[in-house]
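J.: sequence first, predicted coordinates after that:
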Amino acid sequence: MSDRALFGPGGNSESFYAAGNKSTKQAPKWLYEIGLDAYEYQCGNGVTGSDANFIEVGNKAKEYGIAMSLHAPYFISLSGVETEKRLKSIDYIRKSVHAAELLGADRIVIHTGSASKITRAEALALASDTISRALEEIETDVKFGLETMGKINQLGTLDEVIELCKISPRLIPVVDFGHLNARDLGNVFVTEDDYKRVFDKIGSSLGDEVAKNLHCHFSKIEFTGGGEKKHLTFTDTVYGPEFSPLAKVLYENNLTPRIICESAGTMAEDALEMKKMYIGAFDV
């Protein structure tokens, strides 16, 4: 575990390509050179890379000290009502774990599914069954990260994610602060206490070490009455959340999360801005 918070992008920013880079194999060196220390490999549309490519990216990440994670396919649905499709998610998780192991990633990020056609209790029960089966079938040291979601009709409130993570210590919560803000229609994270409550709840439910080393996503997100609409950049002044109160909470409570930025196209720049705010808290 790191003794400080780590920051990096989810995928490659526009500036990565503008700098002349063409392949994710170049990302670890580029991130190191601009001052970042984490990277989330994106497999949202499927795990399609070759083993050789994953290994090469992983070797570069190790060389440059970049902490790796992997985002599993978006079409995974732990709570799907059609049994065959739901259990197919286990195969997608297996493929994600295989890629993560080659990348040297210690965690994958998984969407929990929908709760639009059934009750939330039914969705939670189905997700619990799916992830329990996955844990039984897939032997790995890679943690399964279950993400809080941004649309109201999705499974993935903080309480729901915590409940699922109680199944096994191999499961960890992935707190997307932008998602939580969007699904509650804004003004959720304004003060330092608003952020601290998240860490306190996770600590009391899953243990202080889980809370201290939390995997997080952070971006500003536009929302409608149904929750999340689209990811924005840090230049937006209408939608939140703001990172500065969280930076103070991390410093004052000696928290060392890994924070992945998912801004729209500026994820590296915005991750670097967060890191600078965080480091600035040490100088106050």
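T.: Thanks, I have it.
J.: could you list every helix and strand that the helix or strand bottoming out on mean pLDDT in the chain packs against?
T.: In the chain, no helix or strand scores lower on mean pLDDT, DSSP states H and E than helix 267-282, which sits at a mean of 94. Judged by 3 or more Cβ pairs under 8 Å, 6 or more residues apart in numbering; DSSP states H and E, the packing partners of helix 267-282 are strand 6-9, helix 14-18, helix 27-34, helix 244-252, strand 258-261. From N, CA and C alone the C-beta is placed, and that goes for glycine too.
J.: and the contacts of the fourth one?
T.: Outside of helix 244-252, the residues that reach it under the criterion Cβ atoms under 8 Å, 6 or more residues apart in numbering are 5, 177, 189-192, 194-196, 199, 218, 255-257, 274, 277-278, 280-282.
J.: ok so, going back, could you list the buried residues of the least confident helix or strand of the chain?
T.: Judged by neighbour count (16 or more other Cβ atoms under 10 Å), helix 267-282 contains these buried residues: 267-275, 277-278.
J.: also stretch 189-198?
T.: Buried residues in stretch 189-198 (16+ other Cβ under 10 Å): 189, 192, 194-196, 198.
J.: and of those residues, the nearest to residue 40?
T.: Nearest to residue 40 among the buried residues of stretch 189-198, counting by Cβ to Cβ, is residue 198 at 19.6 Å.
J.: from residue 55, how far out is that closest one?
T.: Noted for residue 198: a distance of 36 Å to residue 55, by Cβ to Cβ, to the nearest Å.
J.: over to residue 258?
T.: For residue 258, the distance to residue 55 - Cβ to Cβ - is 22 Å.
J.: show me what whichever helix or strand residue 55 is part of is packed up against.
T.: Secondary structure from DSSP states H and E places residue 55 in helix 51-64. With contacts taken as 3+ Cβ pairs under 8 Å, 6+ apart, helix 51-64 sits against helix 27-34, strand 67-71, helix 83-103.
J.: please redo it, this time with the cut-off set to 7 Å
T.: For helix 51-64, the elements it packs on are helix 27-34, helix 83-103, judged by 3 or more Cβ pairs under 7 Å, 6 or more residues apart in numbering; DSSP states H and E.
J.: the last one - what's its average pLDDT?
T.: Across helix 83-103, pLDDT averages out at 96.
J.: tell me how many other residues surround residue 238.
T.: Residue 238: 8 surrounding residues under other Cβ atoms under 10 Å.
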